[in-house]
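# quick one, structure for this:
(2 chains)
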Number of protein chains: 2
Amino acid sequence: MTEKLKRSHMCGTLTGGNVDSTVTLMGWVQKRRDLGGLIFVDLRDRTGIMQIVFDKDISEEAFKRAEELGSEYVIAIRGKVYVRQSINPNIPTGEIEVFAECLEILNKSETPPIYIKDDDDVSENLRLKYRYLDLRKPSMQKNLMIRHETTNAVRSFLAEEGFIEMETPVLSKTTPEGARDYLVPSRVNPGKFYALPQSPQLFKQLLMVSGMDRYFQIVKCFRDEDLRADRQPEFTQIDCEMSFVDVEDVIEVNERLLKKVFKDVLNIDLQLPLQQITYKEAMERFGSDKPDLRFGFELFDVSAAVKDSQFKVFSSTVEKGGSVRGINASGYGDSFSRKDITSLEEFAKTYGAKGLAWIKVTEEGVTSPIAKFLSEEELNEILKIGKAKKGDLLLFVADENNVVFDSLGHLRVEIAKRLEILNKDEYKALWVTEFPLLEYDQEENRYFAKHHPFTSPMDQDIPLLDTNPELVRAKAYDVVINGYEIGGGSIRIHSSQLQEKVFEVLGFSKEEAWDKFGFLLDAFKYGTPPHGGIALGLDRLVMLLVKEDNIRQVIAFPKTQNATCPLTNAPSEADAEQLEELSIDIKVE
Amino acid sequence: MTEKLKRSHMCGTLTGGNVDSTVTLMGWVQKRRDLGGLIFVDLRDRTGIMQIVFDKDISEEAFKRAEELGSEYVIAIRGKVYVRQSINPNIPTGEIEVFAECLEILNKSETPPIYIKDDDDVSENLRLKYRYLDLRKPSMQKNLMIRHETTNAVRSFLAEEGFIEMETPVLSKTTPEGARDYLVPSRVNPGKFYALPQSPQLFKQLLMVSGMDRYFQIVKCFRDEDLRADRQPEFTQIDCEMSFVDVEDVIEVNERLLKKVFKDVLNIDLQLPLQQITYKEAMERFGSDKPDLRFGFELFDVSAAVKDSQFKVFSSTVEKGGSVRGINASGYGDSFSRKDITSLEEFAKTYGAKGLAWIKVTEEGVTSPIAKFLSEEELNEILKIGKAKKGDLLLFVADENNVVFDSLGHLRVEIAKRLEILNKDEYKALWVTEFPLLEYDQEENRYFAKHHPFTSPMDQDIPLLDTNPELVRAKAYDVVINGYEIGGGSIRIHSSQLQEKVFEVLGFSKEEAWDKFGFLLDAFKYGTPPHGGIALGLDRLVMLLVKEDNIRQVIAFPKTQNATCPLTNAPSEADAEQLEELSIDIKVE
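Modelled structure (predicted):
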């Protein structure tokens, strides 16, 4: 090595103000061009790109070394900043360039297997295998920096509000009533297992019992479930819990938290208070408990209008206790051909709909395969309820309510996607409240907690636990942005009698309840304050902030859909000795 | 319930300035006294204690309810703040009290199994079983709050310095060359296992390869080792990595980080730069690579003075290549009786010393069982080297160097402990540098990396890799405070040739090296910048800041020495169905 250079600036931070000063930069060769006896190098670091010029007349030694430079070589240069002769308006540093007096090659590079630019279009598997190269892309660097800014905003806000960040165990206990756990065999306690936490739920409640008053943690959680675009085996939660609060207190703090994040990270002003709609209203208007409010196409109910219709598909559905509902792709009738509508019908069927009835209102009047089965009065009433006007397309599903909501809810979003009217720069946040406490599981023939078994019923619904458990509403709330559930929480039960009652409704015997949750029931005996909290999904939140569709774009080292890491080849085989120490055997057929 | 009260203040935040205002407080009943027709309650929350007075003349209803109150009841009260008639100078809020107009009992409490006060002296097992009560103690609440303040200070400093917090996987890959891993069986990939990270070492290096430039993370790490007072199966690291740096750059940033922490948390000014001593010097002066600098008793070497002595215990040790060294408990000769010295000898023997020779310098001259074996010249030379004066006690070990260092190093600390001269309010921080790169393992008959296999040798020692590997010094550094290793790090190898060379010295074939670390060697091919970093142990750092002796005092939910959690009973048995899904069997004899 020649003389040891020390970095003075980052590439992207130089401006016209640095002209005439001598700087030392370090980074990667993005591109080299040899032109008119000069060598031009685009030097890249985390902050941006700076054009470096090598000129024999300034340093023959540096020039000769520069002739060796290839893409992704790591170099250090020292030189003087000049105003460029030909200004490049496409990059922030495009007005200046550095004439190198000195060049040190810190490391060479073979030709990388993926290009270091945002529009590189290789398979995701290759991107994950060479993640260290993929993360050199400016967009990926920006995503991770915004993730950092987001957690910064969250932490400073919560600390300001009196929340204390506290760590809870990763080597924890199996979660009854949860999703599938990841297990960790214990060497010291043969035959026993830790579980990785699906959430710090019980620990944060215990911290409230311990008088910590306001807790938060940005924390990894784990679920061994099959993966989707917005699911990973490990994910990160912004986890909060507060004492002496009710629903509105938790909502109030958390919407100010979101306001702070949007302001700090995107300079966007969220208007508070956020809209609140009940679960019931969300289902009836949007067919979803995580409605996307960036567009209309709300559901409407025509059951009353068709309950006596000759069109048996409609009337018999209503008779059987189901409903007939529709959505109006208002103004977009012309955008959907018959073929398109058939494709929408196929889509609706994947959510259980048996068919998709439709009415188009055109210049020439109503076009519809079902019009002939409806009386004029019925048709007019339907058009009135659906607020139909010329240019509209109305789509209907007749079925039991959950199928109607699920299929129309998804169809509503699908139509917006096909119309490309979803604007990623627009953020519509809302609270969904008053979730049902319980869900009935036909297969297991018992109730399950919709949120989790520690969720408090609404005060006025407690008597219904004995008579109509399915009607009991919970003090539970979700915050939803653009159709994504960003977080959810609840006020917890803090009385051991009520908790035991809920366990009973869930079908646990007193022994089972104590066996599974004994330490919580025990804790309730010694002065548990009223408390509640929330968990926000950091990955999803950041995904929305950076306008991506996949959480793998905001996680440095994500797993594939198969829960593997193509970079490190995790998971991998274990030594016989390791298994021996852990007292386990592999049993693969 | 009666009317719903809303908290207006926290107990400990009220001051004389609140006199005459009406406040609503919530918390736990610390103590109730009935006195002169009034009921006095000490109400406790996270911030402190407030005296509440119930007076029939103000509210008969509240007074009657107050008669029910027991310890640890959770209550809400509304009332007016008055100046106290008898001021309690022992608590910050002792000048005022609140006369309750309204009392709501939010939850009752049975008599708790442990007392909620700092000097409660029950077994640690009981404390962990009822951790939610143990954490109500003011000292435990303070410990966790200081932990939070510490991470706040760390995060704000590092963000300011351009470090980006990035998350690395918890479901990761087995660490070759590390401690014992915790394994997680994969359901989707039967027979394969994730490993919980012992540190994010490889990922943070890959982030440097990806051009992230400055990374940090406050992150859980895992080691399946047998536990000690300052070890837990999961522990928290402040993990940093920087590009384009050498040893001094990492040291410089990190000592400013520590300065910021000590200033923000304890308002103590650390003087920078911190002292730096080499590993060699640390061993020779303190017999330890984590010296406690709060006291003297430094080691001195008398080998030269006794090499020809008639006292064979000394001379033959020197002849065989060992050494004879001593420490001087200067001024404390009178504090150690012969019995005490025998006990010190027993202590030294646990570190491998065969015996402990000693010389006391008293008013009457030298007392020593070995004096008679030494010539007057030898004795005088020893006293001179040991800077012995009246009132001193000199203690000697003769053995091979590592035994001498280990036993005298520990003895030095043990003496300070017995003398009770260790001041927890005093912080002596230093860097230990130039660690050996390798350690020879006699059992396995090969070299092991002292830090880890990615540590860079010092430039001038690289040639020694071929000739005298044991003499190669590393670009590795530890930061030590009061005898605790608070953190350690190194500059990493960034050239694939040098990395392969080091793997070779460690005894890996090229195939083994690629099998174990192929993705890192691969990454080195595509432009890896020079980089290095550090990991600081958050648990130990906070333990020192709060002046505790055990990291369990600064962890909300620690494990026992048996790696169990008495609160949740983790680890616990798994269902047959779970094991089936994970393709594993338990094999317990």
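# report all helices and strands that the longest helix seen in chain A contacts.
Criterion DSSP state H: the longest helix present in chain A is helix A:138-160. Judged by 3 or more C-beta pairs under 8 Å, 6 or more residues apart in numbering or on different chains; DSSP states H and E, the packing partners of helix A:138-160 are strand A:164-165, strand A:214-222, helix A:247-261, helix A:538-545, helix B:138-160, strand B:164-165. C-betas here are computed from N, CA, C, even on glycine.
# so what's the gap between stretch A:128-141 and the chain middle?
20 Å (C-alpha atoms, centre = their mean, to the nearest Å).
# show me what counts as buried in that stretch.
Using 16 or more other C-beta atoms under 10 Å in any protein chain shown as the test for burial, stretch A:128-141 gives A:128-138, A:140-141.
# span of that stretch from start to end?
15 Å (C-alpha to C-alpha, to the nearest Å).
# can you list contacts of the lowest-mean-pLDDT helix or strand in chain A?
When each helix and strand of chain A is scored by mean pLDDT, DSSP states H and E, helix A:510-523 comes last, with a mean of 86. Contact partners of helix A:510-523, identified using C-beta atoms under 8 Å, 6 or more residues apart in numbering or on different chains, comprise A:176-177, A:202, A:205-206, A:209, A:453-454, A:496, A:499-500, A:503-504, A:508, B:132, B:567-569.
# list the contacts for the residue in the stretch 351-500 of chain A positioned nearest to chain B?
With C-beta to the nearest C-beta, the shortest gap between the stretch 351-500 of chain A and chain B falls at A:H494, namely 6.1 Å. Contacts for A:H494 were tallied using C-beta under 8 Å, 6+ apart; they are A:S456, A:F524, A:T528, A:P529, A:P530, A:H531, B:L106, B:N107.
# does the closest residue in space to A:V480 that isn't next to it in sequence sit in a helix, a strand or a coil?
Excluding its sequence neighbours, the residue lying closest to A:V480 (C-beta to C-beta, 6 or more residues apart in numbering or on different chains) is A:K290, at 4.5 Å. Following DSSP: H, G, I helix; E, B strand; the rest coil, we place A:K290 in the coil state.
# now A:I534
strand.
# which ones are touching the closest residue to it other than its chain neighbours?
Spatial nearest neighbour of A:I534, excluding adjacent residues (C-beta to C-beta, 6+ apart): A:G489 at 3.0 Å. If you count contacts by C-beta under 8 Å, 6+ apart, A:G489 has them with A:C240, A:V250, A:N254, A:A476, A:Y477, A:G532, A:G533, A:I534, A:A535.
# what do you get if the cut-off is 7 Å, keeping everything else the same?
For A:G489, the contacting residues are A:V250, A:Y477, A:G532, A:G533, A:I534, A:A535, by C-beta atoms under 7 Å, 6 or more residues apart in numbering or on different chains.
# so what's the residue count around the nearest residue to A:K260 once chain neighbours are set aside?
Distances taken as C-beta to C-beta, 6+ apart place A:F157 nearest to A:K260, at 4.6 Å, with adjacent residues excluded. A total of 20 residues lie near A:F157 under the criterion other C-beta atoms under 10 Å in any protein chain shown.
# A:F157 reaches A:L257, doesn't it?
Yes. Under the criterion of C-beta atoms under 7 Å, A:F157 makes contact with A:L257 at 5.3 Å.
# make a markdown table out of the contacts of A:G489 and add pLDDT and neighbour count.
A markdown table is the format used below for those (pLDDT from 0 to 100; neighbours: other C-beta atoms under 10 Å in any protein chain shown):
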| residue | pLDDT | neighbour count |
| --- | --- | --- |
| A:V250 | 98 | 22 |
| A:Y477 | 98 | 27 |
| A:G532 | 98 | 29 |
| A:G533 | 98 | 25 |
| A:I534 | 98 | 25 |
| A:A535 | 98 | 20 |
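# show me what the residue nearest to A:I534 is bridged to.
A:Y477, A:I534 (DSSP bridges).
# check it and give its pLDDT.
Here the pLDDT value assigned to A:G489 is 97.
# quickly note the distance from it to A:Q201.
10 Å (C-beta to C-beta, to the nearest Å).
# burial measure for the residue in the stretch 251-400 of chain A that chain B sits nearest to, as a count.
The stretch 251-400 of chain A approaches chain B most closely through A:E252 (11.7 Å), counting by C-beta to the nearest C-beta. A:E252 has 13 neighbours, counted by other C-beta under 10 Å.
# next up, the contacts around it.
Taking C-beta under 7 Å, 6+ apart, one finds nothing in contact with A:E252.
# mind running it again at 8 Å?
With C-beta under 8 Å, 6+ apart, A:E252 has these contacts: A:P273.
# kindly report the same for the one 4 residues further on.
With contacts defined as C-beta under 8 Å, 6+ apart, the neighbours of A:R256 are A:F157, A:L272.
# please enumerate the strands of the stretch 251-400 of chain A.
A:275-278, A:299-301, A:323-328, A:357-362, A:365-367, A:393-399 (DSSP state E, counting those that start in this stretch).
# off-centre distance for the first one?
To tie it back to what came earlier, the one meant is strand A:275-278. 20 Å.
# give me the buried positions along that strand.
In strand A:275-278, counting by 16+ other C-beta under 10 Å, buried: A:Q276, A:I277, A:T278.
# which residues does it contact?
Against strand A:275-278 from outside (C-beta under 8 Å, 6+ apart): A:I251, A:R285, A:P291, A:L293, A:A429, A:L430, A:W431, A:V432, A:T433, A:E434.
# ok, back up a step: give the ChimeraX command for selecting the buried subset of the contacts of helix A:510-523.
In ChimeraX syntax, the buried subset of the contacts of helix A:510-523 is picked out as below (16+ other C-beta under 10 Å):
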select /A:202,205,206,209,453,454,496,499,500,503,508 /B:132,567,568
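# keep only those of the contacts of helix A:510-523 that are in strands.
Judged by DSSP state E, these include no members of strands.
# near chain B, which residues of the stretch 351-500 of chain A?
By C-beta under 8 Å from any C-beta of the partner chain, the residues of the stretch 351-500 of chain A that approach chain B are A:H494, A:S495.
# all helices of the stretch 351-500 of chain A, in order?
A:376-385, A:401-419, A:464-467, A:496-505 (DSSP state H, counting those that start in this stretch).
# measure how the longest one sits relative to strand A:393-399, angle-wise.
It refers to helix A:401-419. 150 degrees (axes from the mean of the first three to the mean of the last three C-alpha atoms, to 10 degrees).
# and the pLDDT at A:M1?
A:M1 is given a pLDDT of 40.
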